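Colleague: I would like the atomic coordinates for the input below:
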Amino acid sequence: MTNFADLNFKADEVKDDFAILPPGAYFAIITSSEQKVNKAGTGKYLAVIYEVIDGPAKGRKIFSNLNLWNASEAACKIAKIELSKICKALGINAPRDSSELHNKAMKLMVEVTMGQDKQGNAREENKIKEWHPATGAAPALTTSAAPAPANQAQAPAAWNQPATGAVAWAAPGSQ
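Modeller: Predicted coordinates:
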């Protein structure tokens, strides 16, 4: 038996950051992207982590893998289509490094699908179905030193923090 007196634990105060997000629209940024080898060792994928930056789900993570280097042409094609949608939402045509996609706001349309855990058991998971510019219109790019256009509200600082040497979004408007 273990005494929890010094733990000061209250179950109703613990936030489950890995619970499924309800289907819907979320403003998010890519916080991390890393090339990894697939389980079979026959290809590589880009593991992408998004973070919700607004609303009740602020701080929650959404995970996605892009099979950009795979023996399956179909898998590569699907991944390139998804990467294209991400780039278009961010106003980036020809990124040379995945870090160019980091810390730029976009609007994601998320759904709940059935997937599998590492043991092969069925589980619900989030899947991104659509990527849109954060403003809902054509993306306006500025350098991090330039002010946002006067007709747009100032966004929280986290929305406008570029990766080193990258281009930042102008502050997104309302949903």
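Colleague: show me where this structure has helices.
Modeller: For the chain, applying DSSP state H gives helices covering 73-90.
Colleague: quick one, the lengthiest strand in the chain and helix 73-90 angle?
Modeller: Using DSSP state E, we find that the single longest strand of the chain is strand 24-37. Relative orientation of strand 24-37 versus helix 73-90 (axes from the mean of the first three to the mean of the last three CA atoms, to 10 degrees): 130 degrees.
Colleague: against which helices or strands is strand 24-37 packed?
Modeller: With contacts defined as 3 or more CB pairs under 8 Å, 6 or more residues apart in numbering; DSSP states H and E, the packing partners of strand 24-37 are strand 44-52, strand 61-69, strand 106-116. (C-beta placed from N, C-alpha, C; glycine too.)
Colleague: and residue 33, which of the ones you listed is closest to it?
Modeller: Residue 33 lies closest, by CB to CB, to one member of the helices and strands packed on strand 24-37: strand 44-52, at 5.0 Å.
Colleague: report the buried residues of that closest one.
Modeller: 45-46, 48-52 (16 or more other CB atoms under 10 Å).
Colleague: return the closest of those residues with respect to residue 76.
Modeller: Looking across the buried residues of strand 44-52 and measuring by CB to CB, the closest to residue 76 is residue 45, at 10.1 Å.
Colleague: quick one, what contacts the residue most central in space within the chain?
Modeller: Central residue of the chain (CA atoms, centre = their mean): residue 50, 2.2 Å from the mean position. Neighbour list for residue 50: 28-31, 61-64, 108, 128 [criterion: CB atoms under 8 Å, 6 or more residues apart in numbering].
Colleague: do residue 37 as well
Modeller: Going by CB under 8 Å, 6+ apart, the list of residues near residue 37 reads 43-44.
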